[in-house]
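1. Sequence first, then the predicted structure:
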Amino acid sequence: MFGAGIGFMLESGLGVTPWDVLHQGLAVQFGLTVGIWSILISFLVLLLWLPLRERYGIGTILNAIVIGVMIDVTALLLPPPDSTWAAVLMLAFGIFIIGFGSGLYIGANLGPGPRDGLMTGISRKGPSIRLTRVLLEIAVLVAGWLMGGTFGVGTIAFALLIGPIVQFFLPRWTIDTGFAEDAWNHPAR
């Protein structure tokens, strides 16, 4: 769902998530697809977990691979919007299913996604989760935009809406697997 949502946002042409601005910029500069870059960056980010001593689970690895595959599959199968309203609907649906999918994968407690684990690992070293997340998102957004990624109204809408959507769905999908990462259970500092 998360990857398909990104595919919908991508095809809307109205902007993508900050990390996908980076993936899109890399695709523009070096070829390959947004989904392939998502997978490659996921594994690069996982290498950054090593000094942070982050624990990963099967969900971490699946997140790294499946999201990238689904971005490309969705972008391949989805026709471009034929009107502004169709683009807005694609964008809104994309953001919604990313939030829904986030509730599912985080709630399963099978390991955080690569970017989420980077955030929690850095925040354990001192800075708050809020500050860490904001700085990471801004850094990848700017880098991606400078390389030709699409920053648009969709990027802003995602930033404003994803938190409330995930907050709504997460408690509805959370299960106790015995593998929950401590960082997910701590309130934001």
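-> Right, received. Where do you want to start?

2. drop to CA atoms for contacts and neighbour counts, all remaining ones
-> Will do.

3. can you dump the C-alpha coordinates of the helix or strand hosting residue 25 into PDB?
-> Under the criterion of DSSP states H and E, residue 25 resides in helix 18-30. Provided in PDB are the C-alpha atoms of helix 18-30 (Å, rounded to 0.1, in the frame of the first residue of the first chain):
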ATOM      1  CA  PRO A  18      10.500  14.200   0.600                       C
ATOM      2  CA  TRP A  19      12.400  10.900   0.300                       C
ATOM      3  CA  ASP A  20      10.800  10.300  -3.100                       C
ATOM      4  CA  VAL A  21      11.900  13.700  -4.300                       C
ATOM      5  CA  LEU A  22      15.400  12.400  -3.700                       C
ATOM      6  CA  HIS A  23      14.700   9.100  -5.400                       C
ATOM      7  CA  GLN A  24      13.100  10.900  -8.400                       C
ATOM      8  CA  GLY A  25      16.100  13.300  -8.500                       C
ATOM      9  CA  LEU A  26      18.500  10.400  -8.600                       C
ATOM     10  CA  ALA A  27      16.400   8.800 -11.400                       C
ATOM     11  CA  VAL A  28      16.600  12.000 -13.400                       C
ATOM     12  CA  GLN A  29      20.400  12.300 -12.900                       C
ATOM     13  CA  PHE A  30      21.500   8.700 -13.100                       C
END
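
4. Against residue 123, how distant is residue 54?
-> Distance check for residue 54 against residue 123: by C-alpha to C-alpha, to the nearest Å, it reads 11 Å.

5. Sorry, wrong one. I was asking about residue 173.
-> Counting by C-alpha to C-alpha - residue 173 and residue 123 are separated by 25 Å.

6. neighbour-wise, which of those two wins?
-> residue 123 (20 against 17; other C-alpha atoms under 10 Å).

7. hang on, the more buried one packs against residue 135?
-> No - here residue 123 does not reach residue 135: they are 11.4 Å apart, not a contact under C-alpha atoms under 8 Å.

8. per-residue confidence averaged over the helix holding residue 25?
-> Here helix 18-30 scores 95 as its mean pLDDT.

9. what about the closest residue to residue 94 other than its chain neighbours, which helix or strand?
-> Nearest in space to residue 94, with sequence neighbours left out and distances taken as C-alpha to C-alpha, 6 or more residues apart in numbering, is residue 5 at 3.8 Å. Assigned by DSSP H and E, residue 5 falls within helix 2-12.

10. The helix or strand hosting residue 70 vs helix 18-30, what angle?
-> For residue 70, the host element (DSSP H and E) is helix 58-77. Calculated by axes from the mean of the first three to the mean of the last three C-alpha atoms, to 10 degrees, helix 58-77 forms an angle of 60 degrees with helix 18-30.
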